[in-house]
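Asker: Sequence plus the predicted model coming up.
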Amino acid sequence: MKSSINIILAPISELSFFLKNYPEKRIIVITDQNVDTFHSDKFSDFPKIVIDAGESQKNILQIEKIAEKLLELGADRTSVLVGIGGGVVCDICGFIASIFMRGIQFCYVPTTLLAQVDAAIGGKTGVNTSKIKNVLGTFNMPEFTLVDYSLLQTLAPQELINGMAEVVKHACISDESYFGFLENNYDKILAQDSFALTHTISKSIEIKKEIVEQDPEEKGLRKLLNYGHTFGHAIEKHYQITHGFAIAKGISIINKIALELGILTQENADRIYNLNQQIGLNPEIESIDIQELLPYITNDKKKTGAKISLVVVSSIGQSEVLNIPYIELEKIISTIWK
Ligand SMILES: NC(=O)c1ccc[n+]([C@@H]2O[C@H](COP(=O)([O-])OP(=O)(O)OC[C@H]3O[C@@H](n4cnc5c(N)ncnc54)[C@H](O)[C@@H]3O)[C@@H](O)[C@H]2O)c1
């Protein structure tokens, strides 16, 4: 996979300009119903495939349906897919582009905060099976990702909050001063204050880009971006809650484990919890039954052999990967959650 990430900060009205190097008649948009309702006037030049909205669409049957629609639209190996939507559309678009006729070019126009700071950056694509998230997937970098902040204006407030989980993650794993900025400005970001929001998106993209370009296929450094995700993915699947809200709870769980291991201080754990709470991410974990999550975690692809990789934050802005025997993790969990 190529390792360079091409981010274009521009209004979506310039999409045709950035697609001018691709064969005009071969461009096909993939989007979802909500994005189509609000923004279809902005990509009316191109044929499109509109899927239902939501995580439940991220499955292999949907991929087959899209492949058939692509064939009906005359797609071939020279076609270029443009995923315009949130993380679900981007993950689906990138995955089908990776396998359709053994791989075609694709680009993203992310329309949620979560996709602008995370899902559309870094070349991970994938769909879920009925039990495990993203287990069918590829590493494949889009030609470019066009980020237009104004697309977020139609986003429901809960979806903006949802995206903030990945923003907090970026600050926790690598940048304490960014974390301080979020503590002081989260209300402005949620109100879509222009400076606060654009600074946040640019900063998060910068952090993710720097990590992924050094380790595009997650052999080492990139694993840090999985902070909160081992338990978060299990919560997302088991409790059927949206990605960001699940990751905030996943962060609370891993922080509790890091506290037990003496890696993280209570003061730093409280700062992270309080920020997630103030944002509205509901990071409490009293309602979560950790034992029920374990079957998802043993299947999680981050588990290699008898060991499991867990990302812990040691102080805000500093993180590391712990490779611990799975049996050890079970012991720690039963000590904390008796
Ligand atoms: N590939 C990666 O590296 C990566 C990273 C993080 C998350 N993800 C994946 O991203 C997915 C979550 O993404 P998401 O939170 O964007 O969810 P989503 O794509 O389901 O979008 C959330 C909701 O917002 C709607 N929407 C999107 N843009 C809108 C707009 N501009 N105005 C109004 N409504 C709009 C959608 O229709 C949907 O109902 C998960 O499947 C997660 O696994 C992938």
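Answerer: Noted; the coordinates are in hand.
Asker: nearest residue to Gly126 other than its sequence neighbours?
Answerer: Gly137 (2.6 Å; CB to CB, 6 or more residues apart in numbering). Just so you know, the C-beta spots here come from the backbone N, C-alpha and C atoms, and that holds for glycine as well.
Asker: pretty sure the one you found belongs to a helix, no?
Answerer: No - Gly137: not assigned to a helix; according to DSSP: H, G, I helix; E, B strand; the rest coil it is strand.
Asker: Please pull up the helix or strand immediately following the helix or strand of the chain with the lowest mean pLDDT.
Answerer: Ranking every helix and strand in the chain by mean pLDDT, DSSP states H and E puts strand 303-304 at the bottom, with a mean of 62. Counting by DSSP states H and E, the next helix or strand C-terminal to strand 303-304 is strand 307-315.
Asker: Within its sheet, name the partner strands of that next one and how each one runs.
Answerer: strand 303-304 (antiparallel), strand 318-325 (antiparallel) (DSSP bridges).
Asker: What residues of the longest one count as buried?
Answerer: To tie it back to what came earlier, the one meant is strand 318-325. Using 16 or more other CB atoms under 10 Å as the test for burial, strand 318-325 gives Ser319, Val321, Leu322, Ile324.
Asker: Report the distance from it to the chain centre.
Answerer: 21 Å (CA atoms, centre = their mean, to the nearest Å).
Asker: Now do it: everything it contacts.
Answerer: Contact with strand 318-325 is made by 172-174, 220, 223-224, 227, 261, 263, 304, 306-314, as judged by CB atoms under 8 Å, 6 or more residues apart in numbering.
Asker: Just the buried residues of the residues you listed.
Answerer: 172-174, 223-224, 227, 263, 308-313.
Asker: Distance to the ligand and pLDDT for these - can I get that in JSON lines?
Answerer: Shown next, in JSON lines, are these (distance: CB to the nearest ligand atom, whole Å; pLDDT from 0 to 100):
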{"residue": "Cys172", "distance to the ligand": "15", "pLDDT": "98"}
{"residue": "Ile173", "distance to the ligand": "14", "pLDDT": "98"}
{"residue": "Ser174", "distance to the ligand": "16", "pLDDT": "97"}
{"residue": "Lys223", "distance to the ligand": "13", "pLDDT": "97"}
{"residue": "Leu224", "distance to the ligand": "13", "pLDDT": "98"}
{"residue": "Tyr227", "distance to the ligand": "12", "pLDDT": "98"}
{"residue": "Ile263", "distance to the ligand": "25", "pLDDT": "97"}
{"residue": "Ile308", "distance to the ligand": "19", "pLDDT": "90"}
{"residue": "Ser309", "distance to the ligand": "17", "pLDDT": "91"}
{"residue": "Leu310", "distance to the ligand": "18", "pLDDT": "95"}
{"residue": "Val311", "distance to the ligand": "14", "pLDDT": "98"}
{"residue": "Val312", "distance to the ligand": "20", "pLDDT": "98"}
{"residue": "Val313", "distance to the ligand": "18", "pLDDT": "98"}
